[in-house]
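Novice: this one's structure only:
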C-alpha cells in the first residue's frame, strides 16, 4: 500500500540585481535539466530596473549516467499532482517573503520550456497576483484554463514566445501552439532562433509592458 506524509525540504533560488533599486520583480523559471545558477545568466543584461529571481526545480539529477553535470526538473509524470502542489506552495512562500521585505511596482513571471507549465499554474494560483506572464517555448498545460476575458483586457498583457527553428516544435506544431495561445488572449512573438531565451525579443517585450 502506498502512503504519503508531509515533511520539510530546503529549496534553492538564485538572484540577480539589487532589490532596493529595482522597480520590477522578474521571476524566471528554468527548463528541464537546467539549474538556476546558469539559467539566470541569460537575463544579466536587463539593467538595474529588474530584480531577477530564478527558483530551482525541486528534483535534481545527473544529466547523463550517474555522475557529471547536474540538472533540475519541476516534475515528472510520477506523483504529478503532489509535485504541482509542492511547487505552488514553496513558490508562493518565496514570493511572500520577497514582498514583505521589498517594494516593487510590477511583478512579472517568465517560464521557459518545462518551466512554462509551472509558471502558468503559479500565475493562476499565486497568493499575490502577477502583472504579466511570459511563457517561452512551452505548451500550455492542458489541465489549466486561464480566464480569457482577463487576458484580453487592455490592462493585462501576457506573451507567448517561440523560436522559428525550435527543434521541439515542427512547423505544424508551431502554428497549433501559437493558435492556442492567441485564442486565450496571449500576444505571440517569434524570433529567428532555436530553443533558448533570445535577449533582444525579451527586451522588446519588457519595454512594451513597462
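Specialist: That came through fine. A quick note: this is a predicted structure, and the numbers were derived from the prediction, not measured.
Novice: Not counting its neighbours along the chain, what's nearest residue 206?
Specialist: Spatial nearest neighbour of residue 206, excluding adjacent residues (Cβ to Cβ, 6 or more residues apart in numbering): residue 46 at 6.9 Å. Bear in mind the C-beta positions are built from the backbone N, C-alpha and C, glycine included.
Novice: pretty sure the one you found contacts residue 28?
Specialist: No: judged on Cβ atoms under 8 Å, residue 46 makes no contact with residue 28 at a distance of 10.1 Å.
Novice: Between these two, point out the one with more neighbours.
Specialist: Neighbours were counted for residue 46 and for residue 28 using other Cβ atoms under 10 Å; residue 28 has more, 26 against 19.
Novice: which SS class is that one?
Specialist: strand (DSSP: H, G, I helix; E, B strand; the rest coil).
Novice: Strands of the protein, start to end?
Specialist: Here the chain has its strands, by DSSP state E, at 13-16, 24-29, 50-55, 59-62, 70-73, 106-112, 132-136, 159-163, 187-191.
Novice: what residues does the longest helix along the chain touch?
Specialist: Counting by DSSP state H, the longest helix found in the chain is helix 80-101. Residues outside helix 80-101 that contact it (Cβ atoms under 8 Å, 6 or more residues apart in numbering): 4, 9, 11, 13, 19, 25, 27, 53, 55, 57-59, 74-76, 107, 118, 121-122, 125-128.
Novice: which of those residues are buried?
Specialist: Among those, those buried by neighbour count (16 or more other Cβ atoms under 10 Å) are 13, 25, 27, 53, 55, 57-58, 74-75, 107, 118, 121-122, 126.
Novice: ok, of these, which one's closest to residue 37?
Specialist: Nearest to residue 37 out of the buried ones among the contacts of helix 80-101 is residue 13 (Cβ to Cβ; 10.0 Å).
Novice: Tell me how far the closest one lies from residue 27.
Specialist: 9 Å (Cβ to Cβ, to the nearest Å).
Novice: which neighbours do the two share?
Specialist: Common contact partners of residue 13 and residue 27 (Cβ under 8 Å, 6+ apart): 53, 54, 55.
Novice: Can you name the residues in contact with stretch 162-176?
Specialist: Under Cβ under 8 Å, 6+ apart, the answer for stretch 162-176 is 113, 136-137, 177-178, 188-196, 198.
Novice: Out of these, which end up buried?
Specialist: 113, 136, 137, 177, 178, 189, 191, 193, 195, 198.
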